[in-house]
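*Asks:* mind folding the following:
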Amino acid sequence: MAKKSSKKSAETVYKIVEVVGSSPTSWEDAARAAVEAAAKTLRNLRVAEITKLDMKIEGGKVIAYRARVSMSFKYED
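*Replies:* Alright, predicted model coming up:
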């Protein structure tokens, strides 16, 4: 028979938000901008996943790189 642990098992819940970052130089900078902006108001960010990359074009030239980033953060008790 398995022994029950005296420690209460910790269940963790995460919320996922989606943010779009933009940069005139690269998708990497756009993704970084998204994370840094979210980190100003959200605590305990855990994982970021780039879900979409696109570019803004004007006059036949790329003027901005955009990264859609899904991020998770832990709910606090």
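*Asks:* phi, psi for the residue lying closest to residue 39 once chain neighbours are set aside please.
*Replies:* Once flanking residues are discounted, residue 39 sits nearest to residue 45: 5.8 Å by CB to CB, 6 or more residues apart in numbering. Where C-beta positions appear, they are placed from N, C-alpha and C, glycine not excepted. Residue 45 adopts backbone torsions of phi -60, psi 140, taken as degrees, to the nearest 10.
*Asks:* residues contacting residue 45?
*Replies:* Listed by CB atoms under 8 Å, 6 or more residues apart in numbering, the contact set of residue 45 reads 35, 38-39, 71-73.
*Asks:* quick one, strands of this structure?
*Replies:* 14-23, 45-58, 61-74 (DSSP state E).
*Asks:* would you turn the ones you listed into CSV with mean pLDDT?
*Replies:* Formatted as CSV, the strands of the chain follow (pLDDT from 0 to 100):
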stretch, mean pLDDT
strand 14-23, 94
strand 45-58, 95
strand 61-74, 95
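*Asks:* adding distance to residue 31, write the ones you listed out as JSON lines.
*Replies:* Putting these into JSON lines (distance: least, CB to CB, whole Å) gives the following:
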{"stretch": "strand 14-23", "distance to residue 31": "6"}
{"stretch": "strand 45-58", "distance to residue 31": "6"}
{"stretch": "strand 61-74", "distance to residue 31": "4"}
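*Asks:* could you turn the buried ones of the contacts of residue 45 into a ChimeraX selection?
*Replies:* To isolate the buried members of those in ChimeraX, using 16 or more other CB atoms under 10 Å:
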select :35,38,71,73
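*Asks:* pull the most distant pair out of the contacts of residue 45.
*Replies:* Using CB to CB, those span at most 12.8 Å, a distance reached by 39 and 72.
*Asks:* show me the contact partners of stretch 29-44.
*Replies:* Contacts of stretch 29-44 (CB under 8 Å, 6+ apart): 17, 19-23, 45, 48, 50, 64-69, 71, 73-74, 76.
*Asks:* gap between it and the chain center?
*Replies:* On the basis of CA atoms, centre = their mean, to the nearest Å, stretch 29-44 sits 7 Å off its chain's mean C-alpha point.
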